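> Here is a sequence with its predicted model. Questions after.
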Amino acid sequence: PGRVLTALLGRQAWLERRFLVTVVRDAPEAWPLFHEMVSVRYVRTLCLLHRAAAAGWREPLLWPEITELGRSALLLCCCGWLDEAHEIVHRSSTMLRSAQNRFVPLMSWFGSAFAGRSPAMLAEGAVEKFDEAGYAAAQRILTGWRAPDPTGLAADLASFADRRRWRLGQFDDEYHLDFDDGLSWALPYEAGAVTMARAKLGLTPLTVEHPLFDLPSARFQLAIGPASHYQDIYARFIAEIGPASR
């Protein structure tokens, strides 16, 4: 199992780098690479969740890292894979309710609450001390992202994008816990998740007015069909680990 997880992580890192290189060149393979990279994250998360469940959730060291879980949920939504994002949050319910995961920055909980279709989840775990204005905007987005008129939503997402810019520059507590991955420097995945979820559901198109959305890496494209990459690896992982504990 460890070799499988390590191999998936290595593949994810390679695809992430290839995506960033090709998207800057506006190459046609950029977004298929992005979709494959998110698929790897999805399958790796499924493997981690199955391993934790097989141990009866009694070994927190085997759990997926909660910041990565929220980030992966948002990235799945960026592809239009809303059901897959909901799946990993639903299967993580035991972990998310754990007291050890209470002190977690806003964006991770926003990802889990958005993908989990549960605005109340934000209040259960997010810590307002990091950014009270950002917390309020997150609550508005979670409850109103399907609104027919997206004007107010676009303004809140623009504030999220600006918040990201400042957090990356400050290297504060929330940066180290939430914006510490390479994609954070180029990919506004929290706002992208909302815009692409609306596109997936056929709602009024949403345009976010912020310089971050002028970058090639912010011109998201919906994936075609469900997340299907690497499912055979997940099946073999389940066979090796054995059934989940009930």
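It's in.
> contacts and neighbour counts: CA atoms only from here.
Noted.
> Is residue 86 in contact with residue 73, as I believe?
Yes - counting by CA atoms under 8 Å, residue 73 is a contact partner of residue 86 at 7.5 Å.
> So those two - more neighbours on which side?
residue 73 (34 against 21; other CA atoms under 10 Å).
> Where does the more buried one fall, secondary structure wise?
Take DSSP states H and E as the rule and residue 73 turns out to sit in helix 66-78.
> If you count neighbours, what's buried in the following helix or strand past that helix?
Toward the C-terminus, helix 66-78 is succeeded by helix 82-91 as the next helix or strand (DSSP H and E). Of all the residues in helix 82-91, those buried under the rule 16 or more other CA atoms under 10 Å are 82, 84-86, 88-89.
> low pLDDT regions in this structure?
99-103, 126-131, 165-182, 185, 245-246 (pLDDT under 70).
> give me that answer again for 80
1, 97-106, 123-133, 163-186, 244-246 (pLDDT under 80).
> For it, just list every one of the strands.
Along the chain, no stretch is classed among the strands by DSSP state E.
> got a list of what the closest residue to residue 68 other than its chain neighbours touches?
Spatial nearest neighbour of residue 68, excluding adjacent residues (CA to CA, 6 or more residues apart in numbering): residue 108 at 7.6 Å. Counting by CA atoms under 8 Å, 6 or more residues apart in numbering, residue 108 touches 66-71, 178.
> are any of those buried, and which?
Buried among the contacts of residue 108 by 16+ other CA under 10 Å: 66-71, 178.
> Grab the longest helix from the protein for me.
Counting by DSSP state H, the longest helix found in the chain is helix 30-54.
> packing partners for that one?
With contacts taken as 3 or more CA pairs under 8 Å, 6 or more residues apart in numbering; DSSP states H and E, helix 30-54 sits against helix 2-24, helix 66-78, helix 82-91, helix 231-241.
> Swap in 6 Å and give it another go.
If you count contacts as 3 or more CA pairs under 6 Å, 6 or more residues apart in numbering; DSSP states H and E, helix 30-54 packs onto helix 2-24.
> Extract the C-alpha set from the helix it packs on and format it as CSV.
The C-alpha coordinates for helix 2-24 follow below in CSV (Å, rounded to 0.1, in the frame of the first residue of the first chain):
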residue,chain,number,x,y,z
GLY,A,2,2.8,2.4,0.8
ARG,A,3,4.4,2.0,-2.6
VAL,A,4,1.1,2.6,-4.3
LEU,A,5,0.5,5.8,-2.4
THR,A,6,4.0,7.0,-3.0
ALA,A,7,3.7,6.2,-6.8
LEU,A,8,0.4,8.1,-7.0
LEU,A,9,1.9,11.1,-5.2
GLY,A,10,4.8,11.1,-7.6
ARG,A,11,2.5,10.9,-10.6
GLN,A,12,0.5,13.8,-9.2
ALA,A,13,3.6,16.0,-8.8
TRP,A,14,4.7,15.2,-12.3
LEU,A,15,1.3,16.0,-13.8
GLU,A,16,1.1,19.2,-11.8
ARG,A,17,4.4,20.4,-13.2
ARG,A,18,3.5,19.4,-16.8
PHE,A,19,0.2,21.3,-16.5
LEU,A,20,1.8,24.5,-15.3
VAL,A,21,4.3,24.3,-18.1
THR,A,22,1.8,23.6,-20.8
VAL,A,23,-0.9,26.0,-19.6
VAL,A,24,1.5,28.9,-19.9
